[in-house]
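>>> just a sequence and a predicted model for now, questions to come.
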Amino acid sequence: MKKILLTIIFCGLTFITKSQNTSVEKSIYGIQTGVLGIWVHNETKLTNSIALRSEIGLNLGIRSSISSNETEFIATPVITIEPRLYYNLNKRAQKSKRIDGNSGNFISLSTNFHPNWFVISNNNNIDITSAISIIPTWGLKRNIGKHFNYETGIGIGYGYVFRDQNNLTKNSNELAAALNIRIGYRF
């Protein structure tokens, strides 16, 4: 009888430890780069499966003109706030896959603000207009070793361009798209 009781207790403890909730990490800092920019970010835990990502960086662009035979390079600031729901952390943990650094699949609502603070360009006559976009996004993030990671995401949403100071552009609504392919370092 004692052996049966000890076996039941041991099995019960095993199930209890196996059923612990997986969770996003409390706070993560990192830097990422992609084809079209460089960004510094923080992800802060809100719940076991939701993290709030805040990000500041530079979006890059290239524009070429056939008539003037010139190519212009441009870098503008961007500020992003993005709540992320990591929906497959438990499944990844059950399959003994990594979840450190919030490694998993996510859906998010990415809100990007492109302010007209400054422009870095090889042409001095380039000016930008402030804009904001709200894009529902699906993505995934995976780790490479202890500190490196890669991330990709895709989404389509709403964009709004503000009137510029010289009244050359009007306020306008537009379709906004996101395609992120990034590699980064987690501190």
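Sure thing, it's come through.
>>> part of a strand, is residue 90?
No - the assignment for residue 90 (DSSP: H, G, I helix; E, B strand; the rest coil) gives helix, which keeps it out of a strand.
>>> name the element the closest residue to it other than its chain neighbours belongs to?
Nearest non-adjacent residue to residue 90, counting by C-beta to C-beta, 6 or more residues apart in numbering: residue 22, 5.3 Å away. The C-beta positions use only the backbone N, C-alpha and C, and glycine is treated the same way. Under the criterion DSSP states H and E, no helix or strand holds residue 22.
>>> got the contact list for residue 22?
When contacts are counted by C-beta atoms under 8 Å, 6 or more residues apart in numbering, residue 22 is found next to 48, 89-90, 92-93, 99.
>>> if we go to 6 Å?
For residue 22, the contact set (C-beta atoms under 6 Å, 6 or more residues apart in numbering) comprises 89-90, 93, 99.
>>> of those, keep whichever come out buried.
Buried by 16 or more other C-beta atoms under 10 Å: 89-90, 93, 99, out of these.
>>> what's the farthest-apart pair in those?
Between any two of the buried ones among the contacts of residue 22, the greatest separation by C-beta to C-beta is 8.9 Å, found for 90 and 99.
>>> just checking: what are the partner strands of the helix or strand that contains residue 179?
Element membership for residue 179 (DSSP H and E) is strand 172-186. When sheet partners are counted by DSSP bridges, strand 172-186 sits next to strand 27-34 (antiparallel), strand 148-161 (antiparallel).
>>> in the host helix or strand of residue 38, what's buried?
Per DSSP H and E: residue 38 is located in strand 37-45. Neighbour-count burial for strand 37-45, with 16+ other C-beta under 10 Å as criterion, is recorded at 37, 39, 41, 43, 45.
>>> roughly how far is that strand from the heart of the chain?
Using C-alpha atoms, centre = their mean, to the nearest Å, we find the averaged C-alpha position of strand 37-45 to lie 7 Å away from the chain's own average C-alpha position.
>>> kindly report the same for stretch 112-121.
Going by C-alpha atoms, centre = their mean, the spacing between the C-alpha centre of stretch 112-121 and its chain's C-alpha centre is 19 Å.
>>> now do the same end-to-end measure for it.
Stretch 112-121 has an end-to-end distance of 21 Å (criterion: C-alpha to C-alpha, to the nearest Å).
>>> and that stretch, which residues are buried?
Buried residues in stretch 112-121, counted by 16+ other C-beta under 10 Å: 112, 114, 121.
>>> again, but for stretch 97-115
In terms of neighbour count (16+ other C-beta under 10 Å), stretch 97-115 has its buried residues at 99, 101-106, 108, 110, 112, 114.
>>> dump the contacts of residue 22 to CSV, plus pLDDT and distance to residue 29.
Supplementary listing: the contacts of residue 22 in CSV, determined by pLDDT from 0 to 100; distance: C-beta to C-beta, whole Å:
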residue, pLDDT, distance to residue 29
89, 95, 20
90, 94, 25
93, 93, 23
99, 94, 18
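>>> many thanks, we can stop here.
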